[in-house]
Every structure is written in structure tokens, then in C-alpha cells.
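Undergrad: 3D model of this:
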Amino acid sequence: MEEHKQKDTEFLRRLNRHPHLKARMEALLNIAEAAVEAGEMTADEAEIQLREHVREMGRNTLQDWAISKEQFAAEKAKVTHSVKGHGKKKSTGLQHSV
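TA: As a prediction, the model looks like this:
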């Protein structure tokens with residue numbers, strides 16, 4: 001029982017980091033409850049709505065993933081370039097003897 005609560009807590013913590021995904025999951029639950037418990041829609045109507053929500057959830061998840069990858073790459077590049085010490089050149093060049 002305690003392990004189940006820990007898994008639920010961890011799942012909710014992770015889900016809260018992804019608001020788009022959380023909203024889609026809630027929408028899926030709403031459709032499932034409306035279709036099964038209340039009988040408010042036919043199976044075909046529920047299937048159509050579920051498919052659209054799953055597609056949208058996939059699109060949002062991939063967009064979030066791409067943004068995260070881009071941010072990670074930008075941070076990595078920033079760290080890599082700052083280590084190399086690019087900055088203003090302090091040398092005045094070679095001094096030629098006359």
C-alpha cells in the first residue's frame with residue numbers, strides 16, 4: 001500500500017512538470033467517464049474524441065521534447081564556448097625591429 005502511494009506521488013510530481021500532458025490526461029479521463037458512466041456519448045463519438053486528444057497529446061509532448069533538447073544544446077554550447085575563453089584580443093601584434 002505504501003509503495004502504491006509513493007508511485008502515485010512520484011507520478012503526480014512528474015505529471016505536474018508537464019502541464020500540457022496533464023491537461024490532456026484530464027481530458028481523456030473526462031471523455032472516458034462521460035462515455036462509460038453517464039452514457040452521454042456513443043462509443044464512436046468517444047473513440048473520435050479520444051483519438052484527437054491522443055494525437056494532440058503526442059504533438060504537445062514532442063514539441064516539449066524538442067524545446068527541452070534545444071535549451072539543453074544551447075546551455076551546453078554556452079558552457080563549451082565560455083570554457084574556451086573567447087574575448088577581446090589583448091596583443092598589439094608582433095613588434096618589428098627597425
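Undergrad: In what element of secondary structure is the residue most central in space within the chain found?
TA: Note on the chain: the residue nearest the mean C-alpha position is Asp64, at 3.4 Å, using CA atoms, centre = their mean. Using DSSP states H and E, the element containing Asp64 is helix 43-84.
Undergrad: where does Thr92 land in three-state SS?
TA: Look at Thr92: counting by DSSP: H, G, I helix; E, B strand; the rest coil, its state is coil.
Undergrad: Just give me the neighbour total for it.
TA: Residues lying near Thr92 (other CB atoms under 10 Å) number 6. For glycine as for every other residue, the C-beta is placed from the backbone atoms N, C-alpha and C.
Undergrad: And the one 4 residues further on, by the same measure?
TA: One way to gauge burial is a neighbour count; for His96, by other CB under 10 Å, it gives 5.
Undergrad: need the contact list for it.
TA: For His96, no residue meets the contact criterion (CB atoms under 8 Å, 6 or more residues apart in numbering).
Undergrad: Can you classify it as helix, strand or coil?
TA: Applying three-state DSSP: His96 is coil.
Undergrad: Show the pLDDT at it.
TA: On pLDDT, His96 comes in at 71.
Undergrad: show me where pLDDT drops low in this structure?
TA: Within the chain, the segments meeting pLDDT under 70 span 38, 82-91, 93, 98.
Undergrad: Near Leu28, how many other residues are there?
TA: Leu28 has 15 neighbours, counted by other CB under 10 Å.
Undergrad: For the helix or strand where Leu28 lies, buried residues please.
TA: Under the criterion of DSSP H and E, Leu28 resides in helix 19-33. Of all the residues in helix 19-33, those buried under the rule 16 or more other CB atoms under 10 Å are Leu21, Arg24, Ala27, Ile31.
Undergrad: I figured the second one hits Asn60, correct?
TA: Yes - using CB atoms under 8 Å, Arg24 is in contact with Asn60, at 6.8 Å.
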